[in-house]
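Colleague: dropping a prediction and its sequence here:
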Amino acid sequence: MKYDRPISELVRARRSVRTYTGGPIEPGTMKRLEDACASANAGVFGEGARFTVVEKPFSKDQPVGLGDYGLQKNPRYFILGAIKNGDRARESFGHLLEQLVLKSTELCLGTCWMGLFNREFFAGFQSSDDELVPAIAVVGVPAERPRLGERIIRFGIGANSRKDWKDLFFLAGFDRALGQEDAGPYAEPLEMLRLGPSAGNAQPWRVVKELGGDVFHFYLTKVKENYYKLGLHNIDIGIAMAHFELPARERGLSGGWMVVDPRLAPPAGTEYRVSWLGK
């Protein structure tokens, strides 16, 4: 997926929007968003994927609810997607949908991830037995000012706060923090990862860099039991992967994703998911 603005700008500009004008997306903007959706057709590990933009205005007095989390106001458009099931399908899905979220940000649209939503509301979006629909994103024209309820939600989950480097990134194992000087050219991709969104701002990602090489192992830490059981932490790892890979490639840092468990000794509640092998 191509971007016309630096990824770092988009990452810093993106925020979860829960208050929209309810107005239409301009046709030219919609075409660019639909083209981006069409390009998001394969997951990190080759899983078949498909995304589309659906217009489905929501009214609170209708018989089928959108969902409880998020308190969306005037939502009109949604990015819906499905991916073929697999061991890392949720990570791949998060990786793809976050790229579309960042593209939407570039197009001056507001977005909000929803991992908890009423699937009956989107009954018209059909998926096959071997596909997953792990999450959706609201997309639309953001209101100029968030309403009070949205500001309270953001304050309650600490939406603008992020964990420190020493709590997220490690060198050679989990007993030594990774400093920015040790990260070398990957310091900026790791910072973009640190700023990424996650369900309930749980920030379940942990990354271990190998000594003497550009190899980064991504781990999932169980922060909230219900999010873990629903696979939302796995989606968050996919978001982290996108925030790491996009700025890395933008800076000419080549590499790829593989499942090569280094068999470290992670803390309790922490499990290996995927690795970036730099070249």
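Modeller: Alright, I've got the coordinates.
Colleague: contacting residues around the spatially closest residue to residue 16 that is not a sequence neighbour?
Modeller: If the residues on either side of it in the chain are set aside, residue 16 comes closest to residue 112, at 4.6 Å by Cβ to Cβ, 6 or more residues apart in numbering. Quick note: C-beta positions are derived from backbone N, CA and C, even for glycine. Residues in contact with residue 112, defined by Cβ atoms under 8 Å, 6 or more residues apart in numbering, are 16-18, 70, 72, 137-138.
Colleague: for residue 195, state which of those residues is nearest.
Modeller: The shortest separation between residue 195 and any of these is 12.8 Å, and it belongs to residue 16 (by Cβ to Cβ).
Colleague: what about that closest one, neighbour count?
Modeller: Using other Cβ atoms under 10 Å, residue 16 has 21 neighbouring residues.
Colleague: what's the answer for residue 220, then?
Modeller: Residue neighbour count, defined by other Cβ under 10 Å, stands at 22 for residue 220.
Colleague: pretty sure it sits in a strand.
Modeller: Yes. The assignment for residue 220, made by DSSP: H, G, I helix; E, B strand; the rest coil, places it in a strand.
Colleague: what sits against it?
Modeller: Under the criterion of Cβ under 8 Å, 6+ apart, the contact partners of residue 220 comprise 204-206, 233-234, 236-237, 270-271, 273.
Colleague: just among the residues you listed, which is most surrounded?
Modeller: In these, the most neighbours by other Cβ under 10 Å go to residue 236, 29 neighbours.
Colleague: against residue 219, how distant is that one?
Modeller: Note on residue 236: its distance to residue 219, by Cβ to Cβ, to the nearest Å, is 12 Å.
Colleague: all strands of the stretch 1-150 of the chain, in order?
Modeller: Assigned by DSSP state E, counting those that start in this stretch, the strands in the stretch 1-150 of the chain fall at 49-55, 77-84, 110-114, 131-132, 136-140.
Colleague: which of those strands has the highest mean neighbour count?
Modeller: strand 136-140 (a mean of 25; mean count of other Cβ atoms under 10 Å).
Colleague: helices or strands up against that strand?
Modeller: Packing partners of strand 136-140 (3 or more Cβ pairs under 8 Å, 6 or more residues apart in numbering; DSSP states H and E): strand 77-84, helix 89-106, strand 110-114.
Colleague: show me what the longest one is packed up against.
Modeller: Taking 3+ Cβ pairs under 8 Å, 6+ apart as contact, the helices and strands that helix 89-106 lies on are helix 7-13, helix 27-39, strand 49-55, strand 77-84, strand 110-114, strand 131-132, strand 136-140, helix 232-250.
Colleague: in the stretch 1-150 of the chain, what spans have low per-residue confidence?
Modeller: Confidence mapping of the stretch 1-150 of the chain against pLDDT under 70 gives the ranges 60-64, 68-70, 146-150.
Colleague: can you tell me how far residue 25 is from residue 134?
Modeller: The spacing between residue 25 and residue 134, counted by Cβ to Cβ, is 24 Å.
Colleague: now do residue 249
Modeller: Taking Cβ to Cβ as the measure, residue 249 and residue 134 are separated by 24 Å.
Colleague: between those two, which one's more packed in?
Modeller: More crowded of residue 249 and residue 134, by other Cβ under 10 Å: residue 134, with 21 against 13.
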